[in-house]
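**Student:** predicted model and sequence below, questions to follow.
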Amino acid sequence: MTYSKIAGVGHHVPETVITNDYLSGIMDTNNEWIVERTGIHERRFIDPARDTVANMAAKASRMALERAGVKAEDVDFILFATITSDYYFPGSGVLLQRELGLESIPAMDIKNACSGFIYALSTADQFIKTGMYKNVLVVGAEIQSTALDLTTRGRGTAVIFGDGAGAAVLQPSEQPGVLSTHLHSDGRFAEELYVKDPGSSRPHEERQPEQILDTSGFKVHMNGNLVFKHAVVRFMEVIKEALDANDMTRDDIDLLIPHQANLRISNYIQQKLGLPDEKVYNNIMRYGNTTAGSIPIAMSEAWEEGKLKNNDRLCLAAFGSGFTWASALINWQE
Ligand code: UT7
């Protein structure tokens, strides 16, 4: 039986640090509210003159490839999770392929928001198990800052998001690496967290730039309260599903990396599961919510900090727009 394993992880975040005090200067908010409601102290925003989703992803990918001991030319499949691709089309996977100097290998974008990285990981796992690919680059990268309403009107959403990229290299393994993945969605809630435009269902006459009088459809709309309530339920369900599928209990988890949506959500899950602080990794304080980037960025930092060791049981879990939610249980292999 062939399994897949994570052979290397990497990340890249833009240089520009946006503090809560900076946001307080451009909208009616304050450091106390943001820290108390979200746990976020600062996040990174891109410099549009320098950073793109694809070039941040390329930096994260090169780090992951180096740590895996894999040359870029040996990558045989790119899976790119993002909802903020550089162009409306094509996706950013092909742009990453170009940045890495590769030609003709397949590149596929996955548009499942905060759950996107786990969806991509699950897809990579299947392709490796069937023997089709040997070095799959799995990326989660986002530029949220350019889609935020950075005025008081958008403050309920704008203060939580940030930009960044993370990557993982998946390879075949005789020892179990990825133990199981679990994917879900519920499209009834699509409009509770979405960016409407540029939507193809807009009538042709409304798609002329001079006809677009209301540009709010290009900004992130989020029903924060409702998303929060669903998130805490789905996170718990999908973590339990992963544990049950592997005949494990919460005591078998060495490290839980929840998608970094809101520190209150992570703390709620931690408390419900009864996990000690050292078994839950959070970095939302420094980066905010980077959507598909959040889990691979956190995995890369956790590995750098020595929090992921051989045979550790790593649990990943995410919830976000769609709604979509997902989990993965991984036997970490060095
Ligand atoms: O990534 C996956 C998907 N996303 C999530 O999982 C996010 C889930 N939701 C959340 O994290 C939270 O709902 C938010 C952090 C977005 C908002 O926190 P909340 O505790 O749900 O606040 P709220 O929207 O209920 O607003 C409470 C109050 C309101 O004032 P009133 O009506 O009580 O007077 C808001 O106007 O806080 C006010 N408020 C703010 N005040 C200062 C909302 N945003 C801000 C702000 N600064 N940035």
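**Tutor:** Received it, and whenever you're ready, just let me know what you need.

**Student:** how about the helices in the stretch 201-334 of the chain?
**Tutor:** Here the stretch 201-334 of the chain has its helices, by DSSP state H, counting those that start in this stretch, at 224-245, 263-273, 284-287, 294-304.

**Student:** for Leu95, which of those is the nearest?
**Tutor:** helix 294-304 (17.6 Å; CB to CB). (Each C-beta comes from the backbone N, C-alpha and C, glycine too.)

**Student:** what packs against the closest one?
**Tutor:** The contact analysis (3 or more CB pairs under 8 Å, 6 or more residues apart in numbering; DSSP states H and E) places helix 294-304 against strand 3-12, helix 53-68, helix 116-129, strand 136-142, strand 164-173, strand 255-258, helix 284-287, strand 313-320.

**Student:** do that again at 7 Å, thanks
**Tutor:** The elements that helix 294-304 packs onto, with contact taken as 3 or more CB pairs under 7 Å, 6 or more residues apart in numbering; DSSP states H and E, are strand 3-12, helix 116-129, strand 164-173, strand 255-258.

**Student:** report the contact partners of the closest residue to the ligand within the stretch 101-250 of the chain.
**Tutor:** Distances between the stretch 101-250 of the chain and the ligand by CB to the nearest ligand atom are smallest at Gly224, namely 2.8 Å. Neighbouring residues of Gly224 by CB atoms under 7 Å, 6 or more residues apart in numbering: Gly156, Thr157.

**Student:** just use 26 as the starting number from now, easier for me
**Tutor:** Shifting the count to begin at 26 puts that one at Gly249.

**Student:** against Arg338, how distant is it?
**Tutor:** As judged by CB to CB, to the nearest Å, Gly249 and Arg338 stand 32 Å apart.

**Student:** on the pLDDT front, check the residue nearest the centre of the chain for me.
**Tutor:** In the chain, the centroid-proximal residue (CA atoms, centre = their mean) is Ala317; its distance is 2.0 Å. pLDDT, Ala317: 98.

**Student:** surely Asn271 and Leu354 touch.
**Tutor:** Yes: taking contacts as CB atoms under 7 Å, Asn271 lies within contact range of Leu354: 5.5 Å.

**Student:** need the overlap of contacts for these two.
**Tutor:** In contact with both Asn271 and Leu354: Leu204, Ser205, using CB under 7 Å, 6+ apart.

**Student:** these two: who's more crowded?
**Tutor:** Neighbour count, other CB atoms under 10 Å: between Asn271 and Leu354, Leu354 has more, with 24 against 16.

**Student:** now do the contacts for the more buried one.
**Tutor:** So Leu354 contacts Leu204, Ser205, Ala267, Asn271, Arg338, Cys340 (CB under 7 Å, 6+ apart).

**Student:** so it bridges to which residues?
**Tutor:** Ser205, Cys340 (DSSP bridges).

**Student:** need the winner for burial among the helices and strands packed on helix 319-329.
**Tutor:** strand 189-198 (a mean of 28; mean count of other CB atoms under 10 Å).

**Student:** close to the ligand, is it?
**Tutor:** No: Strand 189-198 is not in contact with the ligand by CB under 6 Å from any ligand atom; minimum separation 13.4 Å.

**Student:** average pLDDT for that strand?
**Tutor:** 98.

**Student:** could you do stretch 129-144 as well?
**Tutor:** 98.

**Student:** how long is that stretch from one end to the other?
**Tutor:** 23 Å (CA to CA, to the nearest Å).
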